[in-house]
Structure formats: C-alpha cells, structure tokens
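In: Generate a structure from the sequence data that follows.
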Amino acid sequence: MATHVTHFMADGHLACGRHGDTLTSTTEVARVKCRNCRGTEAFQEARRVGRNAARRAARQAVKASHEACKWRGAWLQRLTDMPGLQRLPRGFKGQPYV
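Out: Numbers count the residues shown, from 1 in each chain. Got it, this is the predicted structure:
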C-alpha cells in the first residue's frame, strides 16, 4: 500500500526541494504532510501569516460584538429620561443625581 505525502508548494517549487511530476503538492498549510516541507522557512512563514489572519479576524469579530453591546449608554439615557431625582447605581461616580 503506497502512502501519499502532500508537499508544500511555494513559488512554483516544492519547499523541500524534491522534484517529480507525480508528487502531490498544495499551498494549503493544513494539508501538508511532508516533514521536510514543514520544517522550511517558506512553510513556517505561510503558517504564521495564516494564523495571524485568523487571529486578526477573531479579534475584529469580538470587537464588533462589544461595540453592539452599549448597555451603559442606554441605561444612562433611561435614567435621564425618568422624572424626578433618580439616583444612578453605584459605580457611576461623578454624577450623584440626574
């Protein structure tokens, strides 16, 4: 039974330096199985770039979800709109009464 090893292709060449028309290659970092390719600088840089892009997207998604949750401003507006001297909850110092 033959096992197929997937190599990493960078700039039209295999990262490990092997040659052949029958070798399987990809630019997707997650599919690479060749240990020599995984140890090259080209592969490590591609993996780092992909990982950083994924982390950046996750940070932006978290930031967007935090921006959507503006409960404090809505709560202050609600207390401001109430008639009379409504006391703000503890922690909102600087404004004892609205």
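
In: Farthest from the middle of this structure: give me that residue.
Out: Here the centre of the chain is the reference, and by Cα atoms, centre = their mean the most remote residue is G84, at 47.5 Å.

In: if I look at it, how far off is A74?
Out: According to Cβ to Cβ, to the nearest Å, G84 stands 20 Å off from A74. From N, CA and C alone the C-beta is placed, and that goes for glycine too.

In: show me where pLDDT drops low in this structure?
Out: Scanning the chain for pLDDT under 70 picks out the ranges 1-3, 67-69, 85-98.

In: Scan it for its longest strand.
Out: Ordering each strand of the chain by length in residues (DSSP state E) puts strand 6-10 first.

In: Buried residues in the lengthiest helix in the chain, which are they?
Out: Counting by DSSP state H, the longest helix found in the chain is helix 41-68. Residues 42-43, 46 are the ones in helix 41-68 that count as buried (16 or more other Cβ atoms under 10 Å).

In: Next: stretch 7-26.
Out: Neighbour-count burial for stretch 7-26 flags 7-10, 14-16, 25 (criterion: 16+ other Cβ under 10 Å).

In: Name the residues that touch that stretch?
Out: Under the criterion Cβ atoms under 8 Å, 6 or more residues apart in numbering, residues 4-6, 27, 29, 32, 34, 36-38, 40, 42-43, 46 lie in contact with stretch 7-26.
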